[in-house]
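Novice: return atomic coordinates for the entry below.
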Amino acid sequence: MNIILEKMISAPRIIKRIITYIVDLGIHIFAYLLSLYLTFQSLNIDLVNNDLFIHASLSIATSVLLLIILGFYRAVNRFVSFKILLVVALGCSLSCIAYYSIGKGMSASYVTGSSTVIYGSVLCILLGGSRLLVRSYFSMRFNTQKEKIVIYGAGSAGRQLATSLITGNEYYPVAFVDDDESLDGVIIQGIRVHKASNLREVIKTHSAGKVLLALPSTSRARRKFIIGRIEGSGVAVQTIPGMADIVAGKMKIDEFQDVDIEDLLGRDPVPPVKKLLDKNIANKSIMITGAGGSIGSELCRQIVQLKPSTLVLFEISEYGLYQIDKELAGYCQQHSLKVDIKPVLGSVVDKRKVEKVLQHFKVETLYHAAAYKHVPMVEHNVIEGVRNNVFGTLNTALAAIESGVQSFVLISTDKAVRPTNVMGTTKRLAELVLQGLATKNTSTCFSMVRFGNVLGSSGSVVPLFKKQIQGGGPVTVTHPDITRYFMTIPEAAQLVIQAGAMGKGGDVFVLDMGEPVKIVELAEKLILLMGLQVKSADNPNGDIEIAYSGLRPGEKLYEELLVGSNVEGTTHPRIMTANEKYLEWIDINELIKNLDSACNQYDQVRIREILLEAPTDFKPSDGISDLLWEADRNNRENVVKISEK
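Specialist: Predicted coordinates for the structure are as follows:
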């Protein structure tokens, strides 16, 4: 039987169409004869006075013709929906009319109201039922080849997702799971709904290989709780796009995504204060240094929506500048925004260039995001780190004062607090430079916004971990106890804009980063959510191993956000202001001059001494790691060895 079915399935379309017509002809003949038999309890009808053959032929031919006109035979049997029953019902109703009308026109005594109803009913049941039977067969046949999944969420999104998956070729929904216990046992689209507390049992019973979260509008805190419930169940977890993306047509409901790291943090953004967003941006000329970087580019995206008159993109990387300029130009065109975007290649170390740009475009608000921020990279290139982070900030700030910029906002980092590396120290010095300039009572309002790691930035651990997991591991973590604060790039940029609007001069704003996260726990969660197990001494048969590579030069276990404990709240629940010690301009200026002289002489030892003497609480975790300095030292040692010989 299976061999015959397989041959029919693989037959040419014309052959399958002929078979369909033959089967339907048999159904019509059967329905016709059954209607007579059930009406008269016999088929012994006088064929001389009642031309049964002619009536049957005309009735059946008319019925088939009506079904063809109604498009009944255009539908592919394996893909028919329940809507086909409407076509069948209409076609059979019209067939009944034809059956009765032809019979009365021929004065056929065997054509009665009863026989007509029976003929139409049997015809409808058999034609419709045969289609649904074929559809069910193919559904069962293909569903065995699909991956079984459980849908978490039996709401409208879950139901739409189930419908899409049932007609697709990859996944077959075997169960719904929902937090609403009143839905327990309810059948939706042939799929049973189970209590969320029974999730693991449902996964095991149905041998499901994946859980799909159909919760597009649920808060991140709630999603974190749900994900925690799924962790360790041995299945991969994915989610459907957010409702905004679905409604906007950017993504379809069955375009699954990996669980966002934001969901693991469970941190919901706070609605922005519109007045703070608009204050320094709306209808003003804005400039962003480092516009092609992670934070700089997100600042550009959010600022362009606030409708500045001009947006100057200042960036040293040609490719980075090209990318963000192209993106913003497309966005403005799509949304009919009249923002004059100016892409400018340049370095913040070039004070004259910065000054010319600020003056030419009459910049009123400046966001200084340009910086070298990778700890090991700056450790290996100390002078460039100092030049870019300290003198770049100084030059940009002085140019802003001379050009009449109203507001200057520095993007700082938690690594500036009690730094153990050159990068953090240079950022703390940059803060001190701006605080010192603020004591001169200039017309430019300087403020700093300090926060921790942003998710998705260049060098972020999350994309690296995912790539390592997909490659079979190991996942590399520097130390089992290392912790970091995390925030999404959009939230960080939005808070930076609002914090800058609160500045009065010399302010240090600190963003509420939530709870710190252990990096190794983050790695473990990502492994589990991809349906894999962590390989360890306790679980030697696991899939992905976590390897510890050791702390990198200048890296510390725990980051801090405050130099002291003197912190106050602001009008925004996620923005605090820190009252910290600072230097008068005359003192910081002398320090900067000495640092500049040491950099010009490539005197790494003197640079280290100045950084240690500066009021930054710099406590290096390693010696000097600059690559050129190490090469020079090795050369000097070799010369000494040769001379001794």
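Novice: going forward, measure contacts between C-alpha atoms and count neighbours the same way
Specialist: OK.
Novice: with just CA atoms, put stretch 204-214 into PDB.
Specialist: The C-alpha coordinates for stretch 204-214 follow below in PDB (Å, rounded to 0.1, in the frame of the first residue of the first chain):
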ATOM      1  CA  LYS A 204      10.500  15.200  27.700                       C
ATOM      2  CA  THR A 205       7.100  13.600  26.800                       C
ATOM      3  CA  HIS A 206       7.000  15.000  23.200                       C
ATOM      4  CA  SER A 207      10.800  14.700  22.700                       C
ATOM      5  CA  ALA A 208      10.800  18.400  21.600                       C
ATOM      6  CA  GLY A 209      14.100  19.800  20.400                       C
ATOM      7  CA  LYS A 210      13.400  23.500  20.800                       C
ATOM      8  CA  VAL A 211      11.300  26.000  22.800                       C
ATOM      9  CA  LEU A 212      10.000  29.000  20.900                       C
ATOM     10  CA  LEU A 213       9.100  32.100  23.000                       C
ATOM     11  CA  ALA A 214       5.900  33.600  21.500                       C
END
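Novice: for that stretch, the distance to its chain's centre please.
Specialist: Distance of stretch 204-214 from its chain centroid, counting by C-alpha atoms, centre = their mean, to the nearest Å, is 21 Å.
Novice: got it, and stretch 377-388?
Specialist: 33 Å.
Novice: what pLDDT, on average, does the host helix or strand of residue 123 get?
Specialist: Under DSSP states H and E, the secondary-structure element containing residue 123 is helix 113-143. Mean pLDDT, computed over helix 113-143, is 75.
Novice: gap between it and the chain center?
Specialist: That offset, for helix 113-143, works out to 45 Å (C-alpha atoms, centre = their mean).
Novice: what is it packed up against?
Specialist: Applying 3 or more C-alpha pairs under 8 Å, 6 or more residues apart in numbering; DSSP states H and E, one finds that helix 113-143 contacts helix 13-40, helix 84-105.
Novice: any chance of those in JSON lines, with mean pLDDT too?
Specialist: Shown next, in JSON lines, are the helices and strands packed on helix 113-143 (pLDDT from 0 to 100):
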{"stretch": "helix 13-40", "mean pLDDT": "80"}
{"stretch": "helix 84-105", "mean pLDDT": "82"}
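Novice: returning to that earlier point: after the helix holding residue 123, next one along is what?
Specialist: Assigned by DSSP H and E, the successor of helix 113-143 is strand 147-152.
Novice: parallel or antiparallel, list what pairs with that next one.
Specialist: strand 171-178 (parallel), strand 210-213 (parallel) (DSSP bridges).
Novice: figure out which of the helices and strands packed on helix 113-143 is closest to residue 416.
Specialist: helix 84-105 (68.3 Å; C-alpha to C-alpha).
Novice: with mean neighbour count, mean pLDDT and distance to residue 399 added, can I get the strands paired with strand 147-152 in a markdown table?
Specialist: Below are the strands paired with strand 147-152 laid out as a markdown table (neighbours: other C-alpha atoms under 10 Å; pLDDT from 0 to 100; distance: least, C-alpha to C-alpha, whole Å):
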| stretch | mean neighbour count | mean pLDDT | distance to residue 399 |
| --- | --- | --- | --- |
| strand 171-178 | 25 | 84 | 59 |
| strand 210-213 | 25 | 82 | 51 |
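Novice: export the ones you listed as a markdown table, with columns for distance to residue 239.
Specialist: Below are the strands paired with strand 147-152 laid out as a markdown table (distance: least, C-alpha to C-alpha, whole Å):
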| stretch | distance to residue 239 |
| --- | --- |
| strand 171-178 | 14 |
| strand 210-213 | 4 |
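Novice: what's the closest of the ones you listed to residue 427?
Specialist: strand 210-213 (41.2 Å).
Novice: so which elements touch the strand or helix carrying residue 427?
Specialist: Residue 427 belongs to helix 422-438 when assigned by DSSP H and E. Helix 422-438 sits against helix 375-380, helix 382-386, helix 392-402, strand 445-450, helix 585-600, with contacts defined as 3+ C-alpha pairs under 8 Å, 6+ apart.
Novice: what angle sits between it and helix 585-600?
Specialist: Counting by axes from the mean of the first three to the mean of the last three C-alpha atoms, to 10 degrees, helix 422-438 lies at 140 degrees to helix 585-600.
Novice: quick one: helix 422-438 to chain centroid distance?
Specialist: With C-alpha atoms, centre = their mean, you get 35 Å for helix 422-438.
Novice: so that helix versus helix 392-402, what angle?
Specialist: Going by the same axes, to 10 degrees, helix 422-438 makes 20 degrees with helix 392-402.
Novice: may I have helix 422-438 as CSV, with CA atoms only?
Specialist: What follows is helix 422-438, C-alpha atoms only, in CSV (Å, rounded to 0.1, in the frame of the first residue of the first chain):
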residue,chain,number,x,y,z
VAL,A,422,46.5,52.8,31.1
MET,A,423,43.2,53.0,29.2
GLY,A,424,41.2,53.6,32.4
THR,A,425,43.8,56.0,33.7
THR,A,426,43.7,58.1,30.5
LYS,A,427,39.9,58.2,30.7
ARG,A,428,40.1,59.4,34.3
LEU,A,429,42.6,62.1,33.2
ALA,A,430,40.2,63.1,30.5
GLU,A,431,37.6,63.6,33.2
LEU,A,432,40.0,65.7,35.3
VAL,A,433,40.8,67.8,32.2
LEU,A,434,37.2,68.7,31.7
GLN,A,435,36.6,69.3,35.4
GLY,A,436,39.7,71.6,35.5
LEU,A,437,38.4,73.5,32.4
ALA,A,438,35.0,73.9,34.1
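Novice: quick one: mean pLDDT for it?
Specialist: Rounded mean pLDDT across helix 422-438 is 93.
Novice: buried ones in the helix holding residue 123?
Specialist: Buried residues in helix 113-143, defined by neighbour count with 16 or more other C-alpha atoms under 10 Å: 115-128, 130-132, 135, 139, 142-143.
Novice: repeat that for stretch 583-595.
Specialist: Of the residues in stretch 583-595, those buried (16+ other C-alpha under 10 Å) are 583, 585, 588, 589, 591, 592, 595.
Novice: with respect to residue 534, which of the residues you listed is nearest?
Specialist: residue 595 (48.1 Å).
Novice: per-residue confidence at the closest one?
Specialist: The model's pLDDT for residue 595 equals 94.
Novice: ok, it touching residue 607?
Specialist: Yes. With contact defined as C-alpha atoms under 8 Å, residue 595 and residue 607 form a contacting pair (6.3 Å).
Novice: let's have the helices and strands packed on helix 113-143 in JSON lines, adding mean neighbour count.
Specialist: As requested, the helices and strands packed on helix 113-143 are exported to JSON lines (neighbours: other C-alpha atoms under 10 Å):
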{"stretch": "helix 13-40", "mean neighbour count": "16"}
{"stretch": "helix 84-105", "mean neighbour count": "19"}
